[in-house]
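In: okay, here's the prediction I keep looking at, along with the sequence it came from:
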Amino acid sequence: MDSSLPILSLSAAVVAGAAAFPKIKARLELSRAKHRSLTGHSKMSRRVARLLPFYEFSGDRYFAADGAPDEIANRRKSAFFALAKLYAERYAKGRQLTAEAASQISDLQFTRAYRVPFQFSRLVQQNLGTSAFMEKSSGVTVTDVDGNVFYDLTGSYGVNVFGNDFYKECIAEGQKRAHALGPVLGSYHPVVAENVRRICEISGLDEVSFHMSGTEAVMQAVRLARYHTSRTHLVRFTGAYHGWWGDVQPGVGNPVSPHETYTLAEMSERTLHVLRTRRDIACVLVNPLQALHPNANAPGDSALVDSSRTAHFDRQAYTAWLKELRKVCSEAGIVLIFDEVFLGFRIAAGGAQEYFGVRADMVTYGKSLAGGLPIGVVCGKKELMRRFRDDHPADICFARGTFNSHPYVMTAMDEFLSRLASPNFRSIYDGLDTTWNGRAAALNARCKAEDLPVRVANLSSVWTVQYTEPSRYNWMFQFYLRAEGLALSWVGSGRFIFSLNFSDADFAEVEQRFIAAAEKMKRDGWWWHPPTLTNKGIRRQILKEMLKSRFGR
């Protein structure tokens, strides 16, 4: 009898191994579907972030981090402090207000600290502080508290699609219509019914729920997908932003690591295989803005340590990807969610669904939809939007918010949707890609002709600045652009967001200022580099600096 024990043990091991093999295989397939960058590996990116030591440049080293000779370093230093003097004089009131406010506004503390790579941040904060306070807007310009007029390239984080004046009109007219009811919450203003009808028509979906922000709308869409599929996991794509809540921000920035989120590579056959074969995926989130830079984070100048930033929009390729994704999700019973909070109504009146010719199961909107006021909207198929079960009355999918369907928001939304429905207004979309692609091409041609190491990539009116020669100082370009009267968001040259009311004359002025800023940047020596310098060489040098800082050698 004893002699049979090894055989039984071996048999049990074989059975256990056979049972474990499918799980191991699925896990390997999941790992292979992740993007190879740190952005694609959330846990690893968090660990690496914790290990990065702080260090900073000072003195002459600040202006010669790339090994520049004394003549170039001195030219940069003189230019830096000349620019600092200009900022101090031109933005005196705004800088003072910003400094005072930052002592009690945590958002300002963050954005001030992360405008440039941390090695250079302190001197920038001390000398090139910008004003966070604007006083008025008109046309395509904004005016700060010191009276300086800027061409507005901030886009109000994506809200401003049709121009500030357009939204001021929506808000003003909406306020008049809501005044009789006032801020009565819980009940609906009568205009809500018409808003719902129009949104369902635009989205091609059956039902709508209102929320207070785009982040909340995405939260509810995912919650409903999990509720109705009885599955646990969501899939997000590498680099995509879907708000700041935990499940969709599993890497750096979230102190808690989500356990029911898969971050997979976009435009990948391996990802499609995972979607076909796993049975725990409730939904897939798509942010169509990622078409400009698939599998990369939104570009910001705080990460501009070299010139490796890339962006390129291929409409045909991204359309093909979305169509294949749609097919796979349908076959696998996975809810496909388009997060159009940022891009909605910018590229087409029907949003990304119309632009790419792909229908989602659920769509979230926000930003511009409420005529300039805060809003989040979930649109979905009837079977996905229901929040309770008839046969199990205690099994519900709860979602509420005090300011959902606020009367002033709803009337401003109706103003927005009424204008959007007008045939005359919709003509703004005619030839939209041709217009903005042509403007980008013209600017790039001029940069090339004048031997300036900058180019732009665009998805319609959303642009990213790229750098064609290796440099550790590209982050300085944002300060030259601001000095030329171009208003940028805190991410600097990473993202320009134009409103669609920029005329050819307006854009010609922006182009001229962009070129002037680049010429001054080049003249002041920031783009000097030794012939042997490469982006890879810069990253190796940064690694050496970090190791020296951490280990003292």
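Out: Looks like it came in fine.
In: just after the helix or strand hosting Phe80, pick out the following helix or strand.
Out: Following DSSP states H and E, the helix or strand that holds Phe80 is helix 70-90. Next along the chain after helix 70-90, taking DSSP H and E as the criterion, comes helix 92-102.
In: elements contacting the helix holding Phe80?
Out: For helix 70-90, the packing partners by 3 or more CB pairs under 8 Å, 6 or more residues apart in numbering; DSSP states H and E come out as helix 121-127, helix 477-483. All C-beta atoms are positioned from the backbone trio N, CA, C, and that covers glycine.
In: and it, which residues are buried?
Out: Residues of helix 70-90 classed as buried by neighbour count (16 or more other CB atoms under 10 Å): Ile72, Ala73, Arg75, Arg76, Lys77, Ala79, Phe80, Leu83, Ala84, Tyr87, Arg90.
In: for stretch 183-190, same thing?
Out: Judged by neighbour count using 16+ other CB under 10 Å, the buried positions of stretch 183-190 are Tyr188, His189.
In: how about the CA coordinates for it, as PDB?
Out: Extracted C-alpha coordinates of stretch 183-190, given in PDB (Å, rounded to 0.1, in the frame of the first residue of the first chain):
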ATOM      1  CA  PRO A 183     -31.800  76.700  -7.300                       C
ATOM      2  CA  VAL A 184     -34.700  74.300  -6.400                       C
ATOM      3  CA  LEU A 185     -33.100  70.900  -6.300                       C
ATOM      4  CA  GLY A 186     -34.700  67.400  -6.600                       C
ATOM      5  CA  SER A 187     -37.400  68.600  -9.000                       C
ATOM      6  CA  TYR A 188     -36.700  69.000 -12.700                       C
ATOM      7  CA  HIS A 189     -36.900  72.200 -14.600                       C
ATOM      8  CA  PRO A 190     -39.300  71.600 -17.600                       C
END
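In: starting at the chain centroid, how far to it?
Out: For stretch 183-190, the separation from the chain centroid amounts to 33 Å (computed by CA atoms, centre = their mean, to the nearest Å).
In: what's the angle from the helix holding Phe80 to helix 92-102?
Out: With axes from the mean of the first three to the mean of the last three CA atoms, to 10 degrees applied, the angle from helix 70-90 to helix 92-102 works out at 90 degrees.
In: and the residue nearest the centre of the chain, what does it touch?
Out: Taking CA atoms, centre = their mean as the criterion, Ala298 is the residue nearest the geometric centre of the chain, at 4.7 Å. If a contact means CB atoms under 8 Å, 6 or more residues apart in numbering, then Ala298 has Gly239, Tyr241, Leu289, Val491, Gly494, Arg495 as its contacts.
In: thinking again about what came up before, most packed of the helices and strands packed on helix 70-90?
Out: Stretch with highest mean neighbour count among the helices and strands packed on helix 70-90: helix 477-483 (a mean of 24; mean count of other CB atoms under 10 Å).
In: following element in sequence after it, please.
Out: As assigned by DSSP H and E, the chain's next helix or strand after helix 477-483 is strand 486-487.
In: strands paired with that next one, and their directions?
Out: If you go by DSSP bridges, strand 486-487 pairs up with strand 149-152 (parallel).
In: next, the buried residues of the partner strand.
Out: Within strand 149-152, the residues scored as buried using 16+ other CB under 10 Å are Phe150, Tyr151, Asp152.
In: for stretch 176-184, what is the distance to the chain centroid?
Out: With CA atoms, centre = their mean as the basis, stretch 176-184 stands 34 Å off its chain's centre.
In: residues contacting it, please?
Out: His189, Val191, His406, Pro407, Tyr408, Met410, Thr411, Asp414.
In: go again using 7 Å as the cut-off
Out: With contacts defined as CB atoms under 7 Å, 6 or more residues apart in numbering, stretch 176-184 is touched by His189, His406, Pro407, Tyr408, Thr411.
In: turn those into TSV, columns for distance to Ser330.
Out: Below are the contacts of stretch 176-184 laid out as TSV (distance: CB to CB, whole Å):
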residue	distance to Ser330
His189	37
His406	36
Pro407	39
Tyr408	39
Thr411	38
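In: in ChimeraX, select just the buried ones from those.
Out: To isolate the buried members of those in ChimeraX, using 16+ other CB under 10 Å:
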select :189,406,407,408,411
